[in-house]
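> Here is my input, please return the structure:
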Amino acid sequence: MDPSQPRNIPITRLRPQDRIGSAERLERLLASFKVIGLVEPLLVCREGKRYLILDGSQRYRALLQLGMKLVPCVVTSTATPKSMPHLR
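Model (predicted):
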């Protein structure tokens, strides 16, 4: 399997970072997802049996509210929270 291709990961295995975006942005994402769905997969890295979300925590929260069971994610082994300080 090509690691750059998104794969569906159960939402229960994803862990968002602690940053919380605005409620207004979350509402806009919810409205957008209801009309067009998720356009950009989440970027995650493996963390034991779970996956840490490096980019897409707000999208994760919107998908969680919509009741999604599987989430398209790109799994990276090279990026980590420390290597991507702009995402902290």
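
> The protein: strands as residue ranges?
Listed from the start of the chain, the chain has strands (DSSP state E) covering 7-10, 14-15, 42-47, 50-55, 70-76.

> Run a quick neighbour tally on the residue lying closest to N8 once chain neighbours are set aside.
Counting by C-beta to C-beta, 6 or more residues apart in numbering, the nearest residue to N8 once its immediate chain neighbours are dropped is L70, at 4.0 Å. Any C-beta I mention is one placed from the backbone N, CA and C, and that applies to glycine too. If you count neighbours by other C-beta atoms under 10 Å, L70 ends up with 11.

> Might you report the residue contacts of L70?
Residues in contact with L70, defined by C-beta atoms under 8 Å, 6 or more residues apart in numbering, are 8-11.

> May I ask which of those has the most neighbours?
Each of the contacts of L70 was scored by neighbour count (other C-beta under 10 Å); the top score is that of I9, with 18 neighbours.

> Tell me the spacing between Y60 and T12.
Between Y60 and T12 the computed distance is 11 Å (C-beta to C-beta, to the nearest Å).

> actually L29, not the one I wrote
Distance of L29 to T12, computed by C-beta to C-beta: 20 Å.

> Looking at these two, which one has more neighbours?
Here L29 and T12 are set side by side on neighbour count (other C-beta under 10 Å), and the busier one is L29, at 20 against 10.

> Next up, the contacts around that one.
58-59, 62.

> What's the separation between it and N8?
Distance of L29 to N8, given as C-beta to C-beta: 19 Å.

> ok so, going back, possible to save the strands of the chain as TSV with distance to G21 and mean pLDDT?
Rendered in TSV, the data for the strands of the chain read as follows (distance: least, C-beta to C-beta, whole Å; pLDDT from 0 to 100):
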stretch	distance to G21	mean pLDDT
strand 7-10	21	97
strand 14-15	16	96
strand 42-47	14	94
strand 50-55	12	95
strand 70-76	17	96
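
> Let me see the ranges of the helices in this structure.
According to DSSP state H, the chain carries its helices in the segments 23-36, 57-65.

> The longest one to helix 57-65, inter-axis angle?
With axes from the mean of the first three to the mean of the last three C-alpha atoms, to 10 degrees applied, the angle from helix 23-36 to helix 57-65 works out at 60 degrees.
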